[in-house]
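1. here is my input, please return the structure:
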Amino acid sequence: MLFWKEIFLTTDQKKLQEKEEILLQNHILYRTKKQSREKRQSINLTGREAFLYRVGSIPLTTYYLYVQKKMWSGQQN
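-> Numbering: from 1, shown residues only. Coordinates of the predicted model:
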């Protein structure tokens, strides 16, 4: 049975690519996952929290890197 273990998490795509290159050079099977979210950016014009003015959003993308992990079921002989 095969499982995947998370070994790296980043918001920097360049760092992810560097890690992928290392795994490729060492012939290590891996997979990635990309999760995109948007973080709202607001400013308070009046000094009160109830009156926030939305000025835009910041894209937030998280990259996950997994390697293959073998799990054995049953007893070994």
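2. and the strand or helix carrying Gln17, average pLDDT?
-> Using DSSP states H and E, Gln17 sits within helix 13-25. Taken as a whole, helix 13-25 carries a mean pLDDT of 96.
3. residues of that helix that come out buried?
-> Leu16, Lys19, Glu20 (16 or more other CB atoms under 10 Å). In short, each C-beta sits where N, CA and C put it, glycine included.
4. measure the first one to Lys70 for me?
-> In this view, Leu16 and Lys70 are 24 Å apart by CB to CB, to the nearest Å.
5. can you check the last one too?
-> When CB to CB is the yardstick, Glu20 and Lys70 sit 21 Å from each other.
6. now the strands for the chain?
-> Remark: strands assigned in the chain by DSSP state E are 2-10, 30-44, 52-70.
7. which neighbouring elements make contact with the helix holding Gln17?
-> strand 2-10, strand 30-44, strand 52-70 (3 or more CB pairs under 8 Å, 6 or more residues apart in numbering; DSSP states H and E).
8. try it again with 7 Å
-> Secondary-structure packing of helix 13-25 (3 or more CB pairs under 7 Å, 6 or more residues apart in numbering; DSSP states H and E): strand 30-44, strand 52-70.
9. ok and it relative to strand 2-10, angle-wise?
-> For helix 13-25 against strand 2-10, the angle by axes from the mean of the first three to the mean of the last three CA atoms, to 10 degrees is 140 degrees.
10. begin at 50 from now on, thanks
-> From this message on, residue numbering opens at 50, which makes the last subject helix 62-74.
11. now stretch 75-83: buried residues?
-> Buried, per 16+ other CB under 10 Å, within stretch 75-83: Tyr79.
12. still on that earlier bit, now the buried residues of helix 62-74 in a markdown table, with distance to Trp53?
-> Shown next, in a markdown table, are the buried residues of helix 62-74 (distance: CB to CB, whole Å):
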| residue | distance to Trp53 |
| --- | --- |
| Leu65 | 16 |
| Lys68 | 15 |
| Glu69 | 15 |
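13. sounds good, over and out.
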